[in-house]
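In: Structure for the following, please:
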Amino acid sequence: MKSKRDASSAFPDRESIVAFVRDHPTEAGTRELARHFGLKNEARAALRRILSELADEGLIAKRGRKVTEPKSLPPTLVADITGRDKDGELIAAPAEWLVEADGPAPLIRIHIPKKPKPGTVAGIGDRALLRIEKPERGARHAPYTGRVIKLLEKTRNLILGIYRMMPNGSGRLVPVDKKQVGREIAIASSDSAGAQDGDLITVELMRSRGYGLPSGRVKERLGSIATEKAVSLIAIHAHGIPYEFPKDVVAESEAAKPATLAGREDWRDVPLVTIDPPDAKDHDDAVHARPDDDPANKGGYIVDVAIADVAFYVQPGSALDREALRRGNSVYFPDRVVPMLPERISNDLCSLKPNEARGALAVRMVIGADGRKRSHTFHRILMRSAAKLHYAQAQAAIDGRPDDATGPLLDPILKPLYDAYALVKRARDERDPLDLDLPERKILLKPDGTVDRVVTPERLDAHRLIEEFMILANVAAAETLEKKTLPLIYRVHDEPTVEKVHNLREFLKTLDMPFSATGALRPSVFNRILAQVKGRDAEPLVNEVVLRSQAQAEYAAENYGHFGLNLRRYAHFTSPIRRYADLIVHRALIRALGLGEGALPENETFETLSEVAADISLTERRAMKAERETADRLIAHFLADRIGAVFEGRISGVTRAGLFVKLTGTGADGLIPVRSLGSEYFNYDETRHALIGTRSGTMHRLGDVVEVRLVETAPVAGALRFELLSGGSIAPRSGQRRDQRGSAPTSQNNGGKGRTRDKKTLRKLSKKASRNKSSKSRARKPKKG
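Out: Next up, the predicted model:
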């Protein structure tokens, strides 16, 4: 891309910038624009400001560090094949598209090559990862063209549900999928496979007779819904998470042999230790630290981070590799783990067990007295872990309470680790990453699989020590691969959008908190906000709103930095047992440094890794959703026999439909429908994150502490419904003059049915009320909006 101007050229006008973005949709960013228009460094701040203004006005759209035409599709996306056009060609639509914000979803015409690759032949009802090609210039209403990269989801013949016995001995399947509610399936007694009432089963659909209920036969009995042992299986099946390994994958893992010293450095005398949660089954990272004896680094430390050498066992293109990519990551439920790799690999050969030789990929980092990493080197090693510790155990030893295992390790191993961490923490504090206080809850189960209790584990320095050492190792991996100019998969986190920053600023105004973000946006800007509310009643509210203003982290072959960690380059290196992205990084390091077998193939390019990154970002989100839904179902089961009980909670979400409340003790989430709030209309104030009564001014706001009564539970769906017992605060009158986007009436005049009011109707009501001042005190039933 050659520059059309020299350094002395005038600053480009807005039309020229928009035209350039339109002509270069896949490569337009601040750097490219500055190079094209010949802008010096001092002019880039003004350019960034104009780009933000153009994005705010909808003339361009920001994606990562790049800008593109608004409402255009990204180069790769997930889409659903919805039908055929008049020419008989397959048509798809984006799987995620906000019609309200982006308008009608664009059409995507599926291109079918003459010789399609296996696994890329799509049909109606399939979900696929597509490579998108833009319409030709001038063909304004022509659809995009999509080429199938891979099928993500095929129409399933197996349906998951609850078996219900009928009086005549036959049965019915009641699907657990909300989309299939009411679509029962008839099961003859001869096809029930001995299923009992209340069993969680999978059913295979049989040929339909064309009338009556569809029929099916039971394929598998998964357990009774009376215990939570079956709860995670609902999420596994609902989200299509692979949970059984194919025979060739198992055979390949069983045939694997332990790593030897061949082609490796011998680190078996280095006293590396693993520090993990007490219930961890795989131990794939180990650490060690010692003072640096180099006079040039007085007061510094040498920190070693060793990671299980998964790439040695999972060769590119193997059955293990294909299955690991299909899964993308391990999924962690309270009652089970669905691993990315078979146990022979994850819990044995790649678990860094004490006193057993294991292959590893290690990074040795030189830390200066200021806590900054001065240099690093990567090594392929054979190691022997000196001990297996858990976080509280290591912390107790440092705090003066060593046990039999940590006593001998305290001086030679643990104290140097904590001394090195003290240095690293100093540099971390100077870097000032985003510092949200969001405690995580953990569900503990009884031996029978039912919920025992929900706890919030204490955050210890032992946790922070491992976290910071892993971050350093991840940065070192990204730096090495960039220096070697090899393609890799980054862990990226974009800065908040202009719109979200604007919304946060408006929200903070309601708390009389100034928010200034002059110059480049940094995590420190948000940290200053969080520091202002530390220890105050508004702290949980502000933490939640700041969190919601942030973008979602993802994987990408293109680097646009990690905003939350305040790092320019970042890649996942430290958990190849459970994340495919880390395995790619290991292979790239092996190739870059000539460390032997298991290297990244030469045919892996930026384009192919972009596809892998998009794929594993999806599997990561799938896992997070399944884990969250399972936790909801577990807690709903736990509370099912406590209907009528009163709980304290905090409002965790506000919508036109009502208030979402998170209980203080268990972290359970439930809904208070808007129709149950009282006998008046409630406006939804998006800026305040609140519902406000139009007559009384009563305000229920995000973050408010409330008292609720449990009214209803739906354990299979993981749903709870509450009744609000406590009153709200009174909204300032200025809040009532704000633009309220719709209201949800709860007046007894309409039978308690919630209805959303649009702005036009509200304006009509306001004018009518002003013309009839004499009737101000009377409640009038509004016209339908």
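In: Let's verify Gly299: helix, strand, or coil?
Out: The three-state label given to Gly299 by DSSP: H, G, I helix; E, B strand; the rest coil is coil.
In: Same check on Val546?
Out: Going by three-state DSSP: Val546 is helix.
In: Leu530 is in contact with that one, correct?
Out: Yes - the criterion here is C-beta atoms under 8 Å, and Val546 meets it with Leu530 at 6.5 Å. Bear in mind the C-beta positions are built from the backbone N, C-alpha and C, glycine included.
In: who has more neighbours, those two?
Out: Neighbour totals were compared for Val546 and Leu530, and Val546 leads with 21 against 16 (other C-beta atoms under 10 Å).
In: now the more buried one, nearest residue through space, not along the chain?
Out: Among residues not flanking Val546 along the chain, Phe526 sits closest, at 5.3 Å (C-beta to C-beta, 6 or more residues apart in numbering).
In: Tell me, how many residues neighbour that neighbour?
Out: For Phe526, using other C-beta under 10 Å, the count is 26.
In: can I assume it is in contact with Leu434?
Out: Yes - judged on C-beta under 8 Å, Phe526 makes contact with Leu434 at a distance of 6.0 Å.
In: Enumerate every residue touching His288.
Out: His288 sits next to 270-273, 303-304, 306, 413, 417 when contact means C-beta atoms under 8 Å, 6 or more residues apart in numbering.
In: which residues pair with it across the strands?
Out: Asp304 (DSSP bridges).
In: measure it to Val270 for me?
Out: For His288, the distance to Val270 (C-beta to C-beta, to the nearest Å) stands at 6 Å.
In: Give me the common contacts of the two.
Out: Asp304.
In: tally of neighbours for the residue lying closest to Asp292 once chain neighbours are set aside?
Out: Closest residue to Asp292 apart from its sequence neighbours, by C-beta to C-beta, 6+ apart: Gly300 at 4.2 Å. Using other C-beta under 10 Å as the criterion, Gly300 is surrounded by 21 other residues.
In: for the stretch 351-500 of the chain, which spans come out with low pLDDT?
Out: For the stretch 351-500 of the chain, no stretch has pLDDT under 70.
In: Mind doing that once more with 90?
Out: Confidence mapping of the stretch 351-500 of the chain against pLDDT under 90 gives the ranges 436-441, 445-451, 455-458, 495-500.
In: So which of the contacts of His288 are in helices?
Out: Leu417 (DSSP state H).
In: Make JSON lines out of the contacts of His288 and add neighbour count and distance to Leu593.
Out: Output for those, formatted as JSON lines (neighbours: other C-beta atoms under 10 Å; distance: C-beta to C-beta, whole Å):
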{"residue": "Val270", "neighbour count": "19", "distance to Leu593": "19"}
{"residue": "Pro271", "neighbour count": "19", "distance to Leu593": "25"}
{"residue": "Leu272", "neighbour count": "24", "distance to Leu593": "20"}
{"residue": "Val273", "neighbour count": "21", "distance to Leu593": "25"}
{"residue": "Val303", "neighbour count": "27", "distance to Leu593": "19"}
{"residue": "Asp304", "neighbour count": "23", "distance to Leu593": "17"}
{"residue": "Ala306", "neighbour count": "28", "distance to Leu593": "16"}
{"residue": "Ile413", "neighbour count": "22", "distance to Leu593": "28"}
{"residue": "Leu417", "neighbour count": "24", "distance to Leu593": "26"}
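In: quick one: which of the contacts of His288 is nearest to Ala477?
Out: Distances from Ala477 to the contacts of His288, taken as C-beta to C-beta, are shortest for Ala306 (13.2 Å).
In: residue contacts, the closest one?
Out: 267, 272, 285-288, 352, 360-362, 381, 383.
In: cool, Glu254 as well?
Out: Arg344.
In: I'd like to know how far it sits from Glu597.
Out: Glu254 sits 20 Å away from Glu597, going by C-beta to C-beta.
In: just Ala645 next, same as before
Out: For Ala645, the distance to Glu597 - C-beta to C-beta - is 60 Å.
In: With Thr202 instead?
Out: 40 Å.
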